[in-house]
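J.: coordinates for the following, if possible.
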Amino acid sequence: MSMKDRLVDQAKKLASSGRVVRVVSNDRVMRLATGVMDAKNRLRAARERAAEAWDILLNGHALPNIDPALDDEAGVHGAAPARAASPRPAAGGAGLSTVEETVSSSSKTPPASARAHVNGVGANGAGANGAANGAGANGAANGAGTYVAAAAEQQLATQMASRTSLSRIGGRDVFEKAYKFMTADNARAMGVYPFFRPLDFNNGPEAQLEGRTVTMLGSNNYLGLTTHPKVREAARNAIDKYGTSMTGSRLVNGSMRLHNELEEKLAAYHGKEAGLVFTTGYQVNIATISALLSNKRSVAMIDKDDHASIYDGVRLAQAAGARMVRYKHSDPAALDSALSEIADTEGALVITDGVFSAQGEIASLPGIVEVVKKHKARLLVDDAHALGVIGPGGRGTAAHFGLGKEVDLIGGTFSKSLASIGGWLVGERKVLDYIQHFAYSFLFAASAAPPCVAAAMAALEVMQEEPWRQEKLRENFTYMRTELQRLGFELGKTETAVIPIYIRDDLKTVMMWKSLLDDYALYVNPFITPGVPPKQQVLRTSYMATHERKHLDHALEAFEKVGKKFGVI
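T.: Purely as a prediction, here's the structure:
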């Protein structure tokens, strides 16, 4: 036997000896070995945490995750392993906006006047025509003005990029997190805060914002019924007859024949046995999910991209012991795999949006229904953005696929196509009867106000009496989708009245929103992190049956010019 063979033999004997095996299998030794082998990754994570802490020290905390679908702490069944976020590209890279490229070419030290503008941004420097607009209509793209705009916008971009949640801050004063929240104040001071903008009035395809008429591409008034004469008259008549409120819950003094009448009409419209009217659409999901998933043998099986109201309903169910499992977005195979793993003693409620509110994508309902039936689970479809938009007579997702009888529960809101405030659920009578007796958020909430119920009922009638509205809506969003794609915009998988324009950069999304509004009087909705995942930032547009071709062509002209200005197309 050669020396090499003898050494290998001795090594094998040593490795298999009881003493070595005991040492190697010891938990502490294993953790130590794992720590040593993973030292590189641990150091990288420590550097990232230190960088985040330094950024917070300089800039304060950013917005928390407003969409629970973005909670990375909960896994997604069927999704690929999460990868670390890529660092921001270097100056001049494809991911930079025009203003960021300006920063890289500017001098490192701004002139005194520029520093004064940065420190005093607000008052005169942050208005619509101020230097903070960056390359705006008044030619602030030169000299100190460019540096001011770029520096201020770069600071905002850094804040928006931070994904540290304020909700983690704790201590004796529960207001501490509020005092440290600076992002919104800074954005307001720079004139680039896009949210909670108060409209003077909203007349459908056009609205008035701060005294200025704008083309509205940011409303969910899909059929344009909020100003329909019949809907307005129904609300006025209800106020005259019933007053403005029931001042009580449905359980005690808040139920009226008006509520029952609408419930019967909604059930008949969807071909279901019974209906239930709620005070808000958000409440539909909170009440239904928490009532049905009320113990440790219940599982909420939800699409990763489901609406926040679904997540909140699941959280209430989790408080009672139910489990949450998320499956890969609109992926029946992932749902099948997830349902295969639940115990025989557990019951699952699969919950999905019919039309996803940010993407405009229709759920893969045929595959989902097949999987649900295979595993003897139950299915709830949230049709908030589908009612009036897809399906025969606007009946929504299940009707769109001819699966109305296969879906157990269908719910939604009055606040889109039904031109009111409130919510609805249809399904089996016994199931709805159980929900209304066991859902606290239904039992102890004031009932929907009579004018809201009357307006929704009138809108439901108009929807059926005027089928041209759905046809016109489809014509409008098909035209816009075709033309936006022709211009070179990325639109994802939208098939409905919601058309997202993917920008994939926080700062560029906000600046494009501002340019569209300031320069072209076009109102759209910017979705930025942490409201959407990184690299999923969009300008969300939505369309109505009452949009005329002049509104759409004006929008296309604005999108083309702004898209080219910011290098998106």
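
J.: test my guess that residue 529 contacts residue 506.
T.: Yes. Applying C-beta atoms under 8 Å as the test, residue 529 and residue 506 come out as touching, 5.7 Å apart. No exception for glycine: its C-beta is placed from N, CA and C like everyone else's.

J.: SS state for the nearest residue to residue 363 once chain neighbours are set aside?
T.: Spatial nearest neighbour of residue 363, chain neighbours left out: residue 352 (4.9 Å); criterion: C-beta to C-beta, 6 or more residues apart in numbering. When classified by DSSP: H, G, I helix; E, B strand; the rest coil, residue 352 comes out as strand.

J.: wait, isn't residue 352 in contact with residue 369?
T.: No. Counting by C-beta under 8 Å, residue 352 does not reach residue 369; the two are 10.3 Å apart.

J.: neighbours of residue 437, how many?
T.: Around residue 437 there are 11 other residues, counting by other C-beta atoms under 10 Å.

J.: which stretches in the stretch 251-400 of the chain count as helices?
T.: Under the criterion DSSP state H, counting those that start in this stretch, helices of the stretch 251-400 of the chain are mapped to 257-270, 281-292, 308-319, 332-340, 365-374, 397-400.

J.: between these, which one is closest to residue 500.
T.: helix 308-319 (17.1 Å; C-beta to C-beta).

J.: just want the angle from that closest one to helix 281-292.
T.: Here helix 308-319 runs at an angle of 30 degrees relative to helix 281-292 (axes from the mean of the first three to the mean of the last three C-alpha atoms, to 10 degrees).

J.: show me what helix 308-319 is in contact with.
T.: 66-69, 281-282, 284-290, 292-294, 298, 300, 302, 322, 324, 351, 353, 382, 441 (C-beta atoms under 8 Å, 6 or more residues apart in numbering).

J.: any of the residues you listed buried? List them.
T.: With burial judged by 16 or more other C-beta atoms under 10 Å, the buried subset of the contacts of helix 308-319 is 67-69, 281-282, 284-290, 292-294, 298, 300, 302, 322, 324, 351, 353, 382, 441.

J.: which parts of the stretch 451-569 of the chain are helices?
T.: 468-487, 506-520, 549-565.

J.: turn these into TSV, columns for mean neighbour count and mean pLDDT.
T.: Listed next are these as TSV, based on neighbours: other C-beta atoms under 10 Å; pLDDT from 0 to 100:
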stretch	mean neighbour count	mean pLDDT
helix 468-487	17	98
helix 506-520	23	94
helix 549-565	17	98
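
J.: between the ones you listed, which gets nearest to residue 255?
T.: Nearest of the helices of the stretch 451-569 of the chain to residue 255, taken as C-beta to C-beta: helix 468-487 at 31.0 Å.

J.: show me what the closest one is packed up against.
T.: Here helix 468-487 touches helix 450-465, strand 498-502, helix 549-565, going by 3 or more C-beta pairs under 8 Å, 6 or more residues apart in numbering; DSSP states H and E.

J.: ok, which of the ones you listed comes nearest residue 398?
T.: Closest among the helices and strands packed on helix 468-487, using C-beta to C-beta: helix 450-465, at 16.5 Å.

J.: ok, residue 200 to residue 550 distance?
T.: 22 Å (C-beta to C-beta, to the nearest Å).

J.: JSON lines for the helices and strands packed on helix 468-487, including distance to residue 263?
T.: Listed next are the helices and strands packed on helix 468-487 as JSON lines, based on distance: least, C-beta to C-beta, whole Å:
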{"stretch": "helix 450-465", "distance to residue 263": "10"}
{"stretch": "strand 498-502", "distance to residue 263": "28"}
{"stretch": "helix 549-565", "distance to residue 263": "36"}
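
J.: and residue 176, which of the ones you listed is closest to it?
T.: Nearest to residue 176, of the helices and strands packed on helix 468-487 and by C-beta to C-beta, is strand 498-502 at 35.8 Å.
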